[in-house]
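Asker: Give me a model of this one.
(one chain, ligands or ions: 1)
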Amino acid sequence: MAKRIDVKDLNLFYGKFHAVDGVSLAVPPRNVTAFIGPSGCGKSTVLRSLNRMHEVIPGARAEGKVLLDGEDIYASTVDPVSVRRTIGMVFQRPNPFPTMSIRDNVVAGLKLAGEGDRKKLDEVAEQALRGANLWAEVKDRLTRPGGGLSGGQQQRLCIARAIAVQPDVLLMDEPCSALDPISTLAIEDLIQELKKDFTIVIVTHNMQQAARVSDQTAFFNLAGVGQPGRLVELDDTERIFSNPSQKATEDYISGRFG
Ligand SMILES: Nc1ncnc2c1ncn2[C@@H]1O[C@H](COP(=O)(O)OP(=O)(O)OP(=O)(O)O)[C@@H](O)[C@H]1O
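Answerer: Have a look, this model is predicted:
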């Protein structure tokens with residue numbers, strides 16, 4: 001079930017390095033939010049903090065609040081592993097388990113959680129592969145290795161794997177950066193389908209992609225080298241790309257820097 005995210009005064013650190021300063025933003029459910037901004041401004045760091053993947057890096061820590069439908073995912077009583085189950089992630093490079101079958105790749109998370117009913121696992125695999133627009137291409141080779149698929153198919157397999165556990169939110173970190181234009185369009189179409197069921201946050205370097213797929217866009221920037229990244233503005237995507245309220249956003253989207 002899609003849930004909303006509210007980020008409140010989030011500060012992110014790598015050891016002593018203050019990477020992201022005081023970010024507050026809201027992501028409504030069944031909505032695509034794009035993070036854009038120049039390299040190093042903290043987009044991926046903020047994304048990873050939304051499902052507590054940031055703290056997996058030694059020395060990395062977060063201060064502030066990330067609320068999922070009002071519940072703080074950083075509360076001391078919350079298990080980070082369960083957070084990562086409800087807030088799934090798709091990475092830049094498709095990372096299927098290469099020798100594992102296509103079907104087993106999709107249900108890997110469920111099996112890990114203890115589901116052993118073959119029939120149920122088959123049903124979930126089909127449903128998730130249909131949801132990721134991959135079923136027609138792989139239904140006759142479900143027992144073949146995931147590593148044998150094309151890059152675009154592998155990325156859709158990873159999306160199928162992420163949605164098979166029925167998360168509330170899907171985080172995508174430049175999911176098309178390793179893909180050709182046709183596969184990229186397939187993923188963009190898929191994002192439009194997925195937002196009917198999930199809340200989606202996507203980091204992208206491609207501004208046309210942000211304009212095509214997202215409902216709202218967050219522009220991040222750096223005040224200077226060695227300075228923390230910060231959120232400059234978040235608004236409807238149409239407005240960010242036509243009439244942003246901040247000059248820095250306008251300079252960036254019009255290609256004057258970044
Ligand atoms: N594992 C890490 N250890 C230390 N510093 C890191 C680590 N990952 C990122 N950083 C630093 O944090 C800052 C933000 O990096 P981040 O990758 O979030 O930016 P980004 O906007 O996603 O960049 P890009 O668009 O180039 O991917 C940068 O100064 C970066 O060097």
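Asker: switch to C-alpha atoms for all contacts and neighbour counts from now on
Answerer: OK.
Asker: ranges for the strands of the protein?
Answerer: In chain order, the chain shows strands spanning 5-14, 17-27, 32-36, 60-68, 71-72, 87-90, 169-173, 199-203, 216-222, 229-236, with DSSP state E as the criterion.
Asker: Need the ones you listed in CSV (columns: distance to Ile191 and mean pLDDT).
Answerer: As requested, these are exported to CSV (distance: least, Cα to Cα, whole Å; pLDDT from 0 to 100):
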stretch, distance to Ile191, mean pLDDT
strand 5-14, 18, 98
strand 17-27, 16, 97
strand 32-36, 8, 98
strand 60-68, 21, 97
strand 71-72, 26, 96
strand 87-90, 12, 95
strand 169-173, 10, 97
strand 199-203, 8, 98
strand 216-222, 14, 97
strand 229-236, 17, 98
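Asker: now these in CSV, with distance to the ligand?
Answerer: Conversion of the strands of the chain to CSV gives the following (distance: least, Cα to the nearest ligand atom, whole Å):
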stretch, distance to the ligand
strand 5-14, 5
strand 17-27, 5
strand 32-36, 8
strand 60-68, 7
strand 71-72, 22
strand 87-90, 14
strand 169-173, 8
strand 199-203, 8
strand 216-222, 8
strand 229-236, 7
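Asker: Turn those strands into CSV, including distance to Val46 and mean neighbour count.
Answerer: Formatted as CSV, the entries for those read as follows, by distance: least, Cα to Cα, whole Å; neighbours: other Cα atoms under 10 Å:
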stretch, distance to Val46, mean neighbour count
strand 5-14, 8, 20
strand 17-27, 7, 18
strand 32-36, 9, 26
strand 60-68, 10, 19
strand 71-72, 16, 15
strand 87-90, 13, 24
strand 169-173, 11, 25
strand 199-203, 10, 26
strand 216-222, 10, 24
strand 229-236, 10, 21
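Asker: so what's Met100 closest to, chain neighbours aside?
Answerer: The shortest distance from Met100 to any residue that is not its chain neighbour, by Cα to Cα, 6 or more residues apart in numbering, is 5.2 Å, and that residue is Pro145.
Asker: who's in contact with that neighbour?
Answerer: Pro98, Thr99, Met100, Ser101, Ile102 (Cα atoms under 8 Å, 6 or more residues apart in numbering).
Asker: Just the buried residues of those residues.
Answerer: Among the contacts of Pro145, those classed as buried by neighbour count (16 or more other Cα atoms under 10 Å) are Met100, Ser101, Ile102.
Asker: Who are the contact partners of Glu250?
Answerer: Glu250 makes contact with Ile240, Phe241, Asn243, Pro244 under the criterion Cα under 8 Å, 6+ apart.
Asker: about what we covered before: can you put the buried ones among the contacts of Pro145 in TSV and add distance to Gly226?
Answerer: Listed next are these as TSV, based on distance: Cα to Cα, whole Å:
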residue	distance to Gly226
Met100	42
Ser101	45
Ile102	43
